[in-house]
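[1] build the 3D model from these lines:
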Amino acid sequence: MNKHHYWPLLAIITLLSSCMNKSNKQAESFSADNPFYKASSLPYEAPAFDKIKNADFKPAFDEGMKQQLDEAQKIADNTEAPTFDNTLVALEKSGVLLMRVGNIFNLLTGANTNPELQKLQEEVAPKLSAVHDSIYLNSKLFKRVEALNSNLTNLKLDPESYRLVTYYYQQFVLAGAKLSDTSKATLKKLNGEEATLSAKFTNQLLAAAKAGGVVVSDKAQLAGLAQNDIDALAQNAKTNKLDGKWLISLQNTTQQPLLQSLTDRSLREKLFNASWTRAEKSDTNDTRKTIVRIAQIRADKAKLVGYPNYAAWKLQDQMAKTPEAVNQFLDKLVPATTAKAKAEATDIQKLIDQQKGGFQLQPGDWNFYAEQLRKQRYNLDDNETKPYFELNNVLQNGVFYAATQLYGITFKERHDLPVYQSDVRVFEVFDKDGSTLGLFYCDYFKRDNKSGGAWMDNMVGQSKLLGSKPVIYNVCNFTKPAAGQPALISFSDVTTMFHEFGHALHGLFANQQYISLASPNTARDFVEFPSQFNEHWALYPQILKHYAVHYQTKAVIPQTLIDKIKKASTFNQGYAFTEILAAADLDMQWHTLAPGSSLQDVDKFELAALQKTHLYLPQVPTRYRSSYFLHIWSNGYAAGYYAYVWTEMLDDDAYAWFEEHGGLTRANGQRFRDMILSRGNTIEYGKMFSDFRGHAPDIKPMLKNRGLL
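    All right, here's what the predicted structure looks like:
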């Protein structure tokens, strides 16, 4: 997942999705000893985490917002006729301090937060919203942008600068720049309320997940788990002052990884229910009232700006363009996907009956029995494959090696740069000619103060205008092994590492003059294309055999096991795809609500929504329930979760091009880099894809890859 976008002016927007409460401490004044006062003196302007304190953020935010407003107003008040340089280049250069502090604040509040930062989030969110509105609803500033857009053909701009004009004009219009003063005032109020609630949701959900962890007192209940998993749960309990017990922390998705291994059905049921109800316990962490109000605000904002619903408004600058196009796309996938899921459910029920289980299949049972079927059909066991997937080996001899083979880039670990947590590692990245590309930070292990899921983001964005190179990070939530034990991960985790590094490559290869257009600052339904495309190399023979080495014997993974993994790749895809389609559909239905819709019961809405589109299968719960759907309520994927499926169509079709042209070669990798990864948002997305592929996106490779064709 690409969590946020970073632009100098639009840096404000990115913070709104992560910001919120009130700090009890007196803020320090902003002075030269604040680490955000000027750009870091470390290589690539890497953050000086050893100097950054909680108390540094508020004064830096306050000064950053003041500077951003002053800079924007100066541009608006310029008495000279608007030119590209005195308006748009000036905007691109504005807000540097706010971007600098915001990037690191986003990182820490997502990956290593604490109560003080969480309180500051809620305080800062409405202020950032107000700053954004003050700029994008500034009539004088908009007139300058509008004048440039109206005179585009006479400006004689290079293609990227031309694109920047149309980009800014569209962003101003979508933000409400053409509204009356009265409507602007209403929009500002709604924006501020949404920002506060979105941040509140993030903190509620983090607390709910932490409180929802399942404590096990009897080790016998953990039957079915590998010893290293049991040890990790014991360590997790000890860290949380539960010595002598085992603690299963919740992952962000509905289904929990350990459900496929636990033989104790009562514990499986308890773990599933803990996940399913984590944010619906009628306590301070219950998110339902929060999300209902967010949905209502979004619908009201859309009406104000002139759209029938939020999705119609927000899809204007996406590849899909309209909710109708999204729904038509999803509808094509539902029949074959749900039919396969129902067939899978029948097979699982037969297995339960054969074992004289005496019960009907429930959601918490699915992965346990599906894993048994997978072992029966393909003789494949995760515990058999994990010894070949040691995390560091996967990273250096898999993820990095694939990038070297495709793009010629190399990596060198740096131990001289400070990090924000002891598990974090830093690598310098070099291009094929030995020149420097940027820095890559990775933070792979789960912590209670880390948001769930996996994501990529920038600490520093690429811009030739600003003279900056990318500083990028990947965050995951893998179980940390007990001290002295190797970090053995599943093949699903391996795929996640390749996915997130695909985002990193998109950012590392950015080659734009303007940060607003630089990779990975692209539409939601394009930004997941490079990441999902990169997943394909995890199973590519040349790559797989280079990193899949037994951590003890050093033996390369045998071909028989590789064949099993490949044959099993389409197993359970009816289930896997249904839960994703259900989540995407749920997102669209929340965001196609008509303004003024009365909504009281979140769970009833959710059920009716899935029944309406034939995606309600009792044994196949949606990947994210509304009450813990972080993507759409706080992480910027509102009316955009379909992007994962849409971009899967793009990535599978693009990979088909590689298969047709010799697979993994430097020439093919360079072509993909030149035509996709390095282009950012400099040309229209459909044209960018068709220029590479030779035709418009084709859905068939995705259906084939999923085993649905």
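
[2] what stretches of the stretch 551-700 of the chain score poorly on pLDDT?
    Within the stretch 551-700 of the chain, no range satisfies pLDDT under 70.

[3] just the helices from it, written as ranges.
    According to DSSP state H, counting those that start in this stretch, the stretch 551-700 of the chain carries its helices in the segments 559-567, 573-590, 602-612, 630-633, 643-660, 666-672, 685-693, 700-705.

[4] residues contacting the first one, please?
    This points to helix 559-567. Helix 559-567 is contacted from outside by 378, 379, 380, 384, 385, 388, 491, 539, 541, 544, 545, 548, using CB atoms under 8 Å, 6 or more residues apart in numbering. Where you see a C-beta, it was placed from the backbone N, CA and C, and this is true even at glycine.

[5] got the CA positions of it in PDB?
    The C-alpha coordinates for helix 559-567 follow below in PDB (Å, rounded to 0.1, in the frame of the first residue of the first chain):
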ATOM      1  CA  GLN A 559      11.900 -27.900  -7.500                       C
ATOM      2  CA  THR A 560       9.300 -30.300  -6.100                       C
ATOM      3  CA  LEU A 561       8.400 -27.600  -3.400                       C
ATOM      4  CA  ILE A 562       8.400 -24.900  -6.000                       C
ATOM      5  CA  ASP A 563       6.000 -26.800  -8.200                       C
ATOM      6  CA  LYS A 564       3.700 -27.300  -5.200                       C
ATOM      7  CA  ILE A 565       3.800 -23.500  -4.400                       C
ATOM      8  CA  LYS A 566       2.900 -22.700  -8.100                       C
ATOM      9  CA  LYS A 567       0.200 -25.300  -8.300                       C
END
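
[6] residue 111 contacts residue 419, doesn't it?
    No. Look at residue 111 against residue 419 with CB atoms under 8 Å: they stay out of range, at 10.9 Å.

[7] who's more crowded, those two?
    Using other CB atoms under 10 Å as the criterion, residue 111 and residue 419 rank with residue 111 on top: 23 against 18.

[8] may I have the phi/psi pair for the more buried one?
    Note on residue 111: its backbone torsions stand at phi -110, psi -20 [degrees, to the nearest 10].

[9] and the gap between it and residue 452?
    Applying CB to CB, to the nearest Å, the value for residue 111 to residue 452 is 11 Å.

[10] would you turn the helices of the stretch 551-700 of the chain into JSON lines with distance to residue 307 and mean neighbour count?
    What follows is the helices of the stretch 551-700 of the chain, written out as JSON lines (distance: least, CB to CB, whole Å; neighbours: other CB atoms under 10 Å):
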{"stretch": "helix 559-567", "distance to residue 307": "45", "mean neighbour count": "14"}
{"stretch": "helix 573-590", "distance to residue 307": "14", "mean neighbour count": "24"}
{"stretch": "helix 602-612", "distance to residue 307": "20", "mean neighbour count": "15"}
{"stretch": "helix 630-633", "distance to residue 307": "18", "mean neighbour count": "25"}
{"stretch": "helix 643-660", "distance to residue 307": "19", "mean neighbour count": "21"}
{"stretch": "helix 666-672", "distance to residue 307": "35", "mean neighbour count": "16"}
{"stretch": "helix 685-693", "distance to residue 307": "21", "mean neighbour count": "16"}
{"stretch": "helix 700-705", "distance to residue 307": "29", "mean neighbour count": "18"}
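
[11] nearest to residue 85, out of the ones you listed?
    helix 685-693 (27.0 Å; CB to CB).

[12] other SSEs contacting that closest one?
    helix 524-535, helix 643-660 (3 or more CB pairs under 8 Å, 6 or more residues apart in numbering; DSSP states H and E).

[13] quick one: contacts of that helix?
    Against helix 685-693 from outside (CB under 8 Å, 6+ apart): 319, 522-523, 525-526, 529, 650, 653-654, 657, 671-672, 675-676, 679, 696-697.

[14] quick check: buried residues in the longest strand seen in the chain?
    With secondary structure taken from DSSP state E, the chain has its longest strand at strand 436-445. Residues 437, 438, 439, 440, 441, 442, 443, 444, 445 are the ones in strand 436-445 that count as buried (16 or more other CB atoms under 10 Å).
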